[in-house]
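[1] Prediction below, plus the sequence it came from.
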Amino acid sequence: MRLRTAVTVVLAATALAALALWLRPDPPLVETAPVVRGPIREVVEGTGRTRVRERYVVAAPVNGQLARLDAVEGQRVEAGQALAVIAPAAPVPLDARTRAELGARLEAAR
């Protein structure tokens, strides 16, 4: 009786294991490649926030945008050397009211 029970348990366990192997899902497909030594190229993109530690006021007789400065701290500067370049701002189209107001100011100045 014990031998029959043991055989039944072994057969049941084998049947359950075979059923589990038969019902398992297919494994996902993967790509493989050989491992080689080489340079790492990694790009990180994201939004950031800059903080200005020291603010300077730059006054200019024209409207425009100041280009990035090429001079660095401690660099020798010659007399007359340009340190900053200001790109002039694009002209803004004027509406009728602003055009009339500027015309009146021009006439008053004359």
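    Cool, got the structure. Numbering: from 1, shown residues only.
[2] low-confidence ranges in this protein?
    Low-confidence segments of the chain, defined by pLDDT under 70: 1.
[3] right, and the helix or strand after the biggest helix by length in the chain?
    In terms of residue count, the longest helix belonging to the chain (DSSP state H) is helix 2-23. Per DSSP states H and E, the first helix or strand lying C-terminal to helix 2-23 is strand 64-66.
[4] So what touches that next one?
    V58, A84, V85, I86, A87, P88, A89 (CB atoms under 8 Å, 6 or more residues apart in numbering). (Glycine included, C-beta is placed from N, CA and C.)
[5] show me what contacts L83?
    Applying CB under 8 Å, 6+ apart, the residues near L83 are L69, A71, V77.
[6] Swap in 10 Å and give it another go.
    Contacts for L83 (CB atoms under 10 Å, 6 or more residues apart in numbering) come out as L69, D70, A71, Q75, V77.
[7] tell me the SS of it?
    Put simply, L83 is coil when judged by DSSP: H, G, I helix; E, B strand; the rest coil.
[8] Could you do the one 4 residues further on as well?
    Look at A87: counting by three-state DSSP, its state is strand.
[9] try L102
    Strictly by three-state DSSP, L102 counts as helix.
[10] quick one: contacts for it?
    Taking CB under 10 Å, 6+ apart, one finds L94 in contact with L102.
[11] do the same with the one 5 residues further on
    When contacts are counted by CB under 10 Å, 6+ apart, E107 is found next to no other residue.
[12] Let's see the helix or strand in which it is found as PDB, backbone CA atoms only.
    Using DSSP H and E, E107 sits within helix 96-109. The C-alpha coordinates for helix 96-109 follow below in PDB (Å, rounded to 0.1, in the frame of the first residue of the first chain):
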ATOM      1  CA  ALA A  96      -1.500 103.000 -35.300                       C
ATOM      2  CA  ARG A  97      -1.800 104.400 -31.800                       C
ATOM      3  CA  THR A  98       1.900 104.000 -31.000                       C
ATOM      4  CA  ARG A  99       2.900 105.400 -34.400                       C
ATOM      5  CA  ALA A 100       0.800 108.500 -33.800                       C
ATOM      6  CA  GLU A 101       2.200 109.000 -30.300                       C
ATOM      7  CA  LEU A 102       5.800 108.700 -31.500                       C
ATOM      8  CA  GLY A 103       5.000 111.100 -34.400                       C
ATOM      9  CA  ALA A 104       3.600 113.600 -31.900                       C
ATOM     10  CA  ARG A 105       6.700 113.300 -29.700                       C
ATOM     11  CA  LEU A 106       8.900 113.900 -32.800                       C
ATOM     12  CA  GLU A 107       7.000 117.000 -33.700                       C
ATOM     13  CA  ALA A 108       7.200 118.300 -30.100                       C
ATOM     14  CA  ALA A 109      10.900 117.800 -30.100                       C
END
